[in-house]
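> Test case, fold it:
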Amino acid sequence: MSTSPPLYKKAVVVEDDEAIQYMYKLKLEKANFKVKTASNGQEGLSVIEELRPDIILLDLNMPVMSGDKMLEAVRARPWGNSIKVIVLTNISKDEAPPVLRILNVDRYIVKAHYTPNQVLEIVNEILGENTRTSSLHKS
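Below is the predicted model of the structure:
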């Protein structure tokens, strides 16, 4: 008996602000994602290793381990380069850690400039779930 692949996409939200974390968790779950959350990079790394998500929404400034350090650790894993990553932060691109340039980030979003619906559209676009692509969201 063969097992068919799951019909849902998997996402991890790594965000230390509980309200923002919860908002994106609900938004993704309503769009039929299986979602796990983490409040810092170290916890995020454990959750990502367990779930092996299709996409990560990643804040940069967090306690214990920053988002860029966590992403470095994910990308060092054999399976880590296939995961899509959206950096979702309030740090401008100019102030972002330079290492992000080599860590294969799919999109860099300043939280204050996007609604949750727009972020969900970008998630779907990156995962190939949306046939129309919008230049508005390109960074």
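
> who's in contact with stretch 17-33?
Contacting residues not belonging to stretch 17-33 are listed as 7-11, 13, 15, 35, 37, 39, 57, 59, 88, 111, 116-117, 119-120, 123-124 [CB atoms under 8 Å, 6 or more residues apart in numbering]. Bear in mind the C-beta positions are built from the backbone N, C-alpha and C, glycine included.

> quick one: what helix or strand has V105 in it?
V105 belongs to no helix or strand when elements are defined using DSSP states H and E.

> Check V13 too.
Per DSSP H and E: V13 is located in strand 9-14.

> From the chain's centroid, how far away is that strand?
Chain-centre distance of strand 9-14: 6 Å, with CA atoms, centre = their mean, to the nearest Å.

> Please name every helix or strand in contact with it.
Contacts defined by 3 or more CB pairs under 8 Å, 6 or more residues apart in numbering; DSSP states H and E place strand 9-14 against helix 18-30, strand 33-38, helix 41-51, strand 55-58.

> out of these, nearest to L103?
strand 55-58 (10.1 Å; CB to CB).

> what about burial for the contacts of stretch 17-33, which qualify?
Taking 16 or more other CB atoms under 10 Å as the criterion, what is buried in the contacts of stretch 17-33 is 9-11, 13, 15, 35, 37, 39, 57, 59, 88, 111, 119-120, 123-124.
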